[in-house]
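>>> Just need the structure, nothing else, for what follows:
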Amino acid sequence: MLLIITALSAWPLLAGAPWLESELPGGLPAGNALSALSLCSFAAIPVAMSMRGTGLRRASLAMLIAAAAWLPTSILLAGNLSLNFAGDRGGIWLIVTLTVIAGVICTLAWASIAATLAMCRRWKSK
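Model prediction:
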């Protein structure tokens with residue numbers, strides 16, 4: 001389900017849908033809200049794949065929290081809901097964004113490897 005949410009929320013972003021620039025009530029552009037939804041649902045996948053009490057679960061939860069904090073952090077850095085940056089703040093935002101995305105990708109890769117190894121161990125034990 002999380003993969004479907006991620007795909008459906010990322011598709012308009014990748015396709016450049018014109019309605020992404022429309023404002024939601026409160027003034028937040030729809031594309032910014034959809035970006036946050038996509039990032040959070042993507043970050044939730046390794047949380048769902050990991051077992052409680054493991055280092056993978058802790059790392060995945062940390063990345064989910066970072067993904068959830070991405071939009072508020074971006075708004076604070078930009079000083080506006082449209083995420084228009086001035087000066088060095090744009091560079092800082094880019095580093096923050098790339099760090100969160102890379103962290104989510106790494107935890108997803110870790111979770112995928114852990115799941116594959118667990119399947120192999122179960123298969124060998126039969």
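>>> Can you give me the buried ones in the strand or helix carrying I95?
Using DSSP states H and E, I95 sits within helix 89-125. Residues of helix 89-125 classed as buried: W93, V96, T97, V100, I101, G103, V104, T107, L108, W110, A111, A114 (neighbour count, 16 or more other C-beta atoms under 10 Å). Using the backbone N, CA and C atoms, a C-beta is placed for each residue, glycine as well.
>>> contacting residues for the fifth one?
It stands for I101. Taking C-beta atoms under 8 Å, 6 or more residues apart in numbering, we find I101 in contact with L39.
>>> same deal with the third one?
Contacts here follow C-beta under 8 Å, 6+ apart; on that basis T97 touches W70, S74.
>>> quick one on the thing from earlier: could you dump the buried residues of helix 89-125 into TSV with distance to V47 and pLDDT added?
Formatted as TSV, these follow (distance: C-beta to C-beta, whole Å; pLDDT from 0 to 100):
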residue	distance to V47	pLDDT
W93	25	96
V96	20	97
T97	20	97
V100	15	98
I101	16	98
G103	13	98
V104	10	98
T107	8	98
L108	10	97
W110	12	98
A111	8	97
A114	13	96
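>>> Could you identify the most distant pair in the residues you listed?
With C-beta to C-beta as the measure, no two of the buried residues of helix 89-125 lie farther apart than W93 and A114, at 31.6 Å.
>>> Alright, calling it a day.
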